[in-house]
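**Q** for reference, the sequence and a predicted model appear below.
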Amino acid sequence: MRQSQFEQRYQPQWRRLEQGLAALEKKQRPKNVDLSRFTDDYQDLCHQLALSRERGYSLVLQDYLNDLMLRAHRQLYRHRAPLMPRLAAFLRGDFPRAVRAMWRWHLISALAFLLSAGLVAAMILHDPELVHTVVDGNGVSDLENMYHPDLRDSSDRNRADDLMMFGYYIYNNVGIAFRTFAGGVLFGIGSLVVMLFNGSFLGAAAAHLTLVGAGQPFYTFVIAHGAPELTAIVLAGGAGLRLGWSLVAPGSWRRVDALRRAARETLPVMYGVFLLLVLAAMIEAFWSSRELDAQIKYTVGGISWALLYFYLLFAGRHGSE
Amino acid sequence: MDVLIDERLHIDTPEGARLTLSLAGPLPRGMAYGIDLMIRGLILMVVATPLTLLGRGGSGLYLLLLFLLEWFYPVLFEVFRQGRTPGKAMMGLAVVHGNGAPVGLSGSLVRNLLRTADLFPFAYLTGFVVMLVSSRQQRLGDLAADTLVIHVPASQTRPAPGDSGGEPPDWPLDRGDQLVLLAFHDRGPRLSEERQRELARLAYPELNDDAALARLRRVVNHVLGAA
């Protein structure tokens, strides 16, 4: 068959596809366009493209058919799963299972965090001046202003401040967690550095505030939201390390494939990290800032830690995959 | 599969047909990113003024917006607008999965979370180098998510075939000749008359220019199969 006969014969079909595509590309759900023959037309188009290549029809025609097929392919294989059921399944078991599946990495990340915090805290308790090697002058006075009972001015704190702090915590903490994760892809170094750095900072802050007599306000402030927040940072670090290790030691996979597998495995953890940090920001902005009896705050904080770890360790153990 | 050094990628679809994708390089992607950056900046500027009037609560909302724009602007557009942020749409680009299917939530999230690593140490240096090394122009985020950025063809319609009379070629026609003649048919209208005559002279050196061009057109019509 000559090219022009070929074109004349199938032109109506291509036009119909073009109309359907124009509607599909513009809106989610086209109403006035008949799409009942879209898939048939698409399959015929695949065949026609192969024919046009085989018979050596002009490159412009081949390109035209290829582009048409690409556009149709993009519409046909669109993937839209309902969000809510997936979110429910995620919370019921996918998230804790994903965390437990790579517990070794989370353990390493947690150790990097806790050991650096412990080491720095011990050093500062031994020699208080060392705090300036970890936190700069402004940071130290900021810390004291925030937590010291004599310096702190919390009388005019109101709803608007809570909202501002909520925005700040989301922007800052989720950003840190995402960067910790992303840093992992550079052979795990980025994640490890962030974990060590954050651990050191927390250790320094806790030790310094204890020494200047602001320990109680500090601990009562951080204990409740610390559970989701510190856990989330540790999980982000663990996920980043897992990502980096897939490049360091890909095993029997190509590095690219190992990285892809690692990304697939760690993604549920990162969804969870995000949710945990939103939760932490809410607690931090709207609960931790309340002036309440230390007893109450420690109790609530303890419950918060217990619930979170009970959830991460035991949820979804008997569920189906 | 034939190995060509160009930016085209061939994919075999489930229908058994071969689909050719045209990969987008650093320059159009960078420009798309620049456009998105401007749009984000514009949104922030427009929203900042009324929010500052709200005082400290307003600055909290501002930070929330800043966060959403930084991390979820590309994800939302890529998932709900078929792989195209406004910048990419303007540059005619789209994000797709390695198999040519539109990108989903997971893929988009991975490639955008790892953007930070591509940014390292500054100005997308890591991403740029990885892209040059990668065989499919992927930055780190794309490699991990198995996504590609491709040129999406603008919708175009096929011109109707021509009609004047034909004449069979006076030499045995092979496939390569046929492609050349058909390419002449398709691209001819975009060439100047002089250039067309010049090309016709190559085909029929023994004729004068006008006769050669007329004859070439008739042969092309014959190959096309126009009556």
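**A** Thanks, I have it. Residues are numbered from 1 along each chain as shown, chains lettered A, B, ... in the order given.

**Q** contacts only, for residue A:101.
**A** By CB atoms under 8 Å, 6 or more residues apart in numbering or on different chains, the contact set of residue A:101 is residue A:265. From N, CA and C alone the C-beta is placed, and that goes for glycine too.

**Q** distance of it relative to chain B?
**A** If you measure residue A:101 against chain B using CB to the nearest CB, to the nearest Å, the figure is 16 Å.

**Q** nearest residue to the residue of the stretch 1-150 of chain A found nearest chain B other than its sequence neighbours?
**A** Proximity of the stretch 1-150 of chain A to chain B (CB to the nearest CB) peaks at residue A:2, 2.0 Å away. Spatial nearest neighbour of residue A:2, excluding adjacent residues (CB to CB, 6 or more residues apart in numbering or on different chains): residue B:225 at 2.0 Å.

**Q** and if you look at residue A:240?
**A** Excluding its sequence neighbours, the residue lying closest to residue A:240 (CB to CB, 6+ apart) is residue A:184, at 2.3 Å.

**Q** wait, doesn't that neighbour sit right on residue A:247?
**A** No: counting by CB atoms under 8 Å, residue A:184 does not reach residue A:247; the two are 9.3 Å apart.

**Q** and these two? which has more neighbours close in?
**A** residue A:184 (32 against 20; other CB atoms under 10 Å in any protein chain shown).

**Q** how close does that one sit to residue A:277?
**A** In this view, residue A:184 and residue A:277 are 17 Å apart by CB to CB, to the nearest Å.

**Q** do residue B:78 as well
**A** Noted for residue B:78: a distance of 22 Å to residue A:277, by CB to CB.

**Q** what residues are up against residue A:267?
**A** Contacts for residue A:267 (CB under 8 Å, 6+ apart) come out as B:106, B:109-110.

**Q** kindly report the same for residue B:10.
**A** Contact partners of residue B:10, counting by CB under 8 Å, 6+ apart, are B:1, B:18-21.

**Q** again, but for residue A:315
**A** Residue A:315 sits next to A:92-93, A:95-96 when contact means CB under 8 Å, 6+ apart.

**Q** near chain B at all, stretch A:37-54?
**A** Yes: using CB under 8 Å from any CB of the partner chain, stretch A:37-54 reaches chain B at A:42-43, A:46-47, A:49-50, A:53.

**Q** most centrally placed residue in chain B?
**A** Centroid-nearest residue in chain B: residue B:151, 1.5 Å away (criterion: CA atoms, centre = their mean).

**Q** please tell me how far it sits from residue B:32.
**A** Between residue B:151 and residue B:32 the distance, using CB to CB, works out to 11 Å.

**Q** give me the nearest residue to residue A:262, chain neighbours excluded.
**A** Nearest non-adjacent residue to residue A:262, counting by CB to CB, 6+ apart: residue A:246, 3.8 Å away.

**Q** can I assume the one you found is in contact with residue A:259?
**A** Yes: assessed by CB under 8 Å, residue A:246 is found in contact with residue A:259 at 5.2 Å.

**Q** the more surrounded of those two?
**A** Neighbour count, other CB under 10 Å: between residue A:246 and residue A:259, residue A:246 has more, with 27 against 23.

**Q** can I assume that one sits in a helix?
**A** Yes: assessed with DSSP: H, G, I helix; E, B strand; the rest coil, residue A:246 lies in a helix.

**Q** just the pLDDT for it.
**A** Confidence at residue A:246, expressed as pLDDT, is 94.

**Q** which ones are touching it?
**A** A:253, A:255, A:258-259, A:261-262.

**Q** hmm, back to that, check the contacts of residue B:10 one by one and keep those near chain A.
**A** Filtering the contacts of residue B:10 for proximity to chain A by CB under 8 Å from any CB leaves B:18-21.

**Q** can you pull out the strands in chain B?
**A** Assigned by DSSP state E, the strands in chain B fall at B:8-12, B:18-23, B:93-97, B:147-151.

**Q** which one of those strands lies closest to residue B:36?
**A** strand B:93-97 (11.0 Å; CB to CB).

**Q** and chain A, is the closest one touching that?
**A** Yes: legend: contact between strand B:93-97 and chain A by CB under 8 Å from any CB is shown at B:94, B:96.

**Q** buried sites along that strand?
**A** Neighbour-count burial for strand B:93-97, counted by 16 or more other CB atoms under 10 Å in any protein chain shown, picks out B:93-97.

**Q** can you pull out the low-pLDDT segments for the stretch 101-250 of chain A?
**A** The model of the stretch 101-250 of chain A has pLDDT under 70 over residues A:151-157.

**Q** up against chain B, what does it have?
**A** Checking the stretch 101-250 of chain A against chain B by CB under 8 Å from any CB, the hits are A:159-168, A:170-171, A:174-175, A:178-179, A:181-183, A:185-186, A:190, A:243.
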